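In: what would the 3D arrangement of this be:
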Amino acid sequence: MRVAFSNALVEAATQDERVVLLTGDHGYALFDEFRKRCPNQYINAGIAEQNMVGVAAGLAKAGLRPIVYGLSAFVPVRVLEQIKIDVCYEKLPVIFTGDGAGLVYSTLGTSHQSFEDIACLRAVPHIEIMSPCDAHELTACFRMALAQEGPVYFRMGKADIGPIHSALPRLQRGGLVQVRAGSHPVVLIATGSMVKTARALGDELDASVWSAPWIKPLDDAQLGALAADAKAFVTLEEHSFAGGLGGAVVESIAEATPIPVLRIGIGERFSETCGSHAHAMREHGLDLATVRERVMPFAAKWKAP
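Out: Okay, the predicted model is just below:
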């Protein structure tokens, strides 16, 4: 995914000289090709993330297309006020890229883990939230982010779970992308790294699986149509189950087509031990085996036709 992100950045900047990349003093190897190809469109703002957002806002007001890069624990969490006031208040076309979202930086502890970033931004007006699941989805999402007229948060997990799609998917603003068709009356909706887990469970249940590359907005009509034909939803995300994809899905269908929703995500806790990303996923109950233990009894309430 990071290679796809680097390629998408270079493609955008070479095609449009208004594209400017700002980074908070990291991501050097990731941006080697960008700095080589577009040296005048690269700004290292230093370890001053709040100021970096202000600079990006000024560049956007001058007619440029800034892309702000940082670890998701810093962008957007550390700079939430600046995103809100400097960018979203004026609906400026700035793309915020939060790398290493979720538990990927597990060895660096809670300070570098970010599983509240979606929840923080969902309540901020005018900003859209994207969360691609693989390199193909990332490329398609990034192109659509550049086409938006206002702020976008681009959530990217550093761990590469491998391909989900065989080619660039066709995206519609707010729409879900079908990963697998199935006959089971329970529908699985996942985002980011958890799409791979959802697909594995979908294979076991013969359930339909949908990726949510766009968290905000969500296509309420599409979700309503899915809910009308389903008995229940399961949402999966490497994010807090409060305020993330699961919360957005529940809010979308609550009034029009309410059905049971099992939300799989990170609970009311911080990481207590240190280890690999796989270790952190197990600690928070997001590994396939633990998720299966929760999903299977829930799905068993409704038998496949």
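
In: could you list the low-pLDDT ranges of this protein?
Out: Residues of the chain meeting the criterion pLDDT under 70: 158-160, 304-305.

In: test my guess that G265 contacts V234.
Out: No. Here G265 does not reach V234: they are 11.1 Å apart, not a contact under Cβ atoms under 8 Å. For every residue, glycine as well, the C-beta is placed using N, CA and C.

In: the two: which has the busier surroundings?
Out: Set G265 next to V234 and count neighbours by other Cβ atoms under 10 Å: V234 wins out with 27 against 24.

In: check contacts around the more buried one.
Out: 186-189, 198, 201, 261-262, 264, 295, 298-299 (Cβ atoms under 8 Å, 6 or more residues apart in numbering).

In: pick out the most distant pair among those residues.
Out: L201 and V261 (15.3 Å; Cβ to Cβ).

In: picking that back up, which of the contacts of V234 count as buried?
Out: 186-189, 198, 201, 261-262, 264, 295, 299 (16 or more other Cβ atoms under 10 Å).

In: from the contacts of V234, which single one is nearest G24?
Out: When those are ranked by distance to G24 (Cβ to Cβ), I264 comes first, at 31.5 Å.

In: how many residues are close by T197?
Out: Neighbours of T197 under the rule other Cβ under 10 Å: 23.

In: residues in contact with it?
Out: Neighbouring residues of T197 by Cβ under 8 Å, 6+ apart: 190, 236, 286, 288, 291.

In: can I take it that it is in a strand?
Out: No. Assessed with DSSP: H, G, I helix; E, B strand; the rest coil, T197 is helix; it does not lie in a strand.

In: that one and A181, how far apart?
Out: Distance, T197 to A181, by Cβ to Cβ, to the nearest Å: 18 Å.

In: residue contacts, T14?
Out: Neighbours of T14 in contact, by Cβ under 8 Å, 6+ apart: 37-38.

In: tell me the secondary structure for it?
Out: helix.

In: looking at it, C120 is touching V75, isn't it?
Out: No. Assessed by Cβ under 8 Å, C120 is found out of contact with V75, at 11.1 Å.

In: more neighbours: the two, which one.
Out: Legend: neighbour count by other Cβ under 10 Å for C120 and V75, higher for V75 (28 against 16).

In: picking that back up, ok, so of the contacts of V234, who is nearest A228?
Out: V187 (11.0 Å).

In: the helix or strand hosting the closest one pairs with which strands, and in what direction?
Out: Assigned by DSSP states H and E, V187 belongs to strand 186-190. According to DSSP bridges, strand 186-190 forms sheet pairs with strand 209-211 (parallel), strand 232-240 (parallel).
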